[in-house]
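S.K.: starting from these lines, generate the structure:
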Amino acid sequence: MRIGILQCGQSPDVLKASLGDYPDMFVKLLADRGFDFRTFHVEEMQFPATIHDADGWLLTGSRHGAYEDHAFIPPLEDFIRRAYAEGVPMVGVCFGHQIIAQALGGKVIKNPDGWAVGAQDYDFEGEKVTLNAWHQDQVVSLPEGAEIVGRNAFCENAALVYGDRAYTVQAHPEFDDTFIRGLIEHRAKGKVAQELLDAAEARMGQQNDNAGLADRIEAFFKQPRSAARGAA
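M.R.: Numbers count the residues shown, from 1 in each chain. A predicted model of the protein is given here:
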């Protein structure tokens with residue numbers, strides 16, 4: 001199954017050489033599951049020719065806000081709407097989670113309560129799931145067709161499913177503790193409260209559920225669905 005990675009942002013240059021860029025992390029997360037990957041750096045305006053250039057699409061995180069004025073956001077939203085209308089499955093992570101919701105009629109804002117950084121515990125329909133997070137923006141109103149399947153007290157809309165058309169999560173199953181530590185060192189200064197950084201450091205090395213999220217993503221992409229259904 002061909003998965004097109006829509007790269008919406010970049011790993012900090014200081015971390016990229018040793019820890020990889022966002023597409024590298026997803027390829028590693030989803031390795032040995034019968035996928036092959038092709039990356040389109042949409043942040044740099046490198047878009048697929050059509051929504052059918054892959055069997056499914058994975059939208060990465062980004063330092064940008066979905067509501068900000070960047071050249072790549074309007075065509076990305078149009079791409080999302082076309083893929084959704086024709087039933088080409090999409091997975092969105094962090095910014096990807098937010099931009100899919102926004103493109104389909106939801107609302108994303110910068111959370112006035114601040115940041116989620118490092119390991120966070122979520123309720124996935126009665127199952128405790130621990131994932132690394134790195135975000136201040138959140139989806140605060142849902143588009144039609146979205147159902148909440150993961151939440152916690154800080155992030156009510158932490159994971160959403162749109163039938164068999166989209167599955168999105170606010171947290172980062174592709175981030176390990178080493179990468180979070182690098183973000184703390186190189187992206188957090190002057191932005192994130194020290195007590196949040198201390199709490200993130202305190203949970204380093206604990207077990208997380210990245211592999212379990214990879215299972216969920218695999219199952220979502222591989223579930224039976226019709227080839228093309230037209231607009232919903």
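S.K.: pretty sure residue 209 is touching residue 121, no?
M.R.: No. Counting by Cβ atoms under 8 Å, residue 209 stays clear of residue 121, with 9.6 Å between them. Every C-beta, even on glycine, is put in place using the N, C-alpha and C of the backbone.
S.K.: list residues touching both of the two?
M.R.: Common contacts of residue 209 and residue 121, defined by Cβ atoms under 8 Å, 6 or more residues apart in numbering, comprise 129, 130.
S.K.: these two: which is more packed in?
M.R.: Per other Cβ atoms under 10 Å, whichever of residue 209 and residue 121 has more neighbours is residue 209, with 20 against 12.
S.K.: got the phi and psi for the more buried one?
M.R.: phi -110, psi 30 (degrees, to the nearest 10).
S.K.: need the nearest residue in space to it, chain neighbours excluded.
M.R.: residue 129 (4.7 Å; Cβ to Cβ, 6 or more residues apart in numbering).
S.K.: the one you found is in what secondary structure piece?
M.R.: strand 127-135 (DSSP states H and E).
S.K.: who's in contact with the spatially most central residue of the chain?
M.R.: Closest to where the C-alpha atoms of the chain average out (Cα atoms, centre = their mean) is residue 93, at 0.5 Å. Counting by Cβ under 8 Å, 6+ apart, residue 93 touches 26, 58, 59, 60, 61, 168, 169, 171, 172, 173, 174.
S.K.: for it, give the beta-bridge partners.
M.R.: Beta-bridge partners recorded for residue 93 (DSSP bridges): residue 169.
S.K.: now the helices for this protein?
M.R.: 13-19, 22-29, 73-85, 95-103, 177-187, 194-202, 210-222 (DSSP state H).
S.K.: nearest to residue 35, of these?
M.R.: Between residue 35 and the helices of the chain, the shortest separation by Cβ to Cβ is 7.5 Å, and it involves helix 210-222.
S.K.: angle of that closest one against helix 22-29?
M.R.: Interaxial angle of helix 210-222 relative to helix 22-29 (axes from the mean of the first three to the mean of the last three Cα atoms, to 10 degrees): 90 degrees.
S.K.: give me the distance between helix 210-222 and the centre of its chain.
M.R.: In terms of Cα atoms, centre = their mean, to the nearest Å, the centre of helix 210-222 is found 13 Å from the chain centre.
S.K.: residues contacting it, please?
M.R.: For helix 210-222, the external contacting residues (Cβ under 8 Å, 6+ apart) are 1, 3, 29-30, 33-35, 55-56, 58, 89, 91, 129, 131-132, 161, 164, 167, 169, 171, 173-174, 176.
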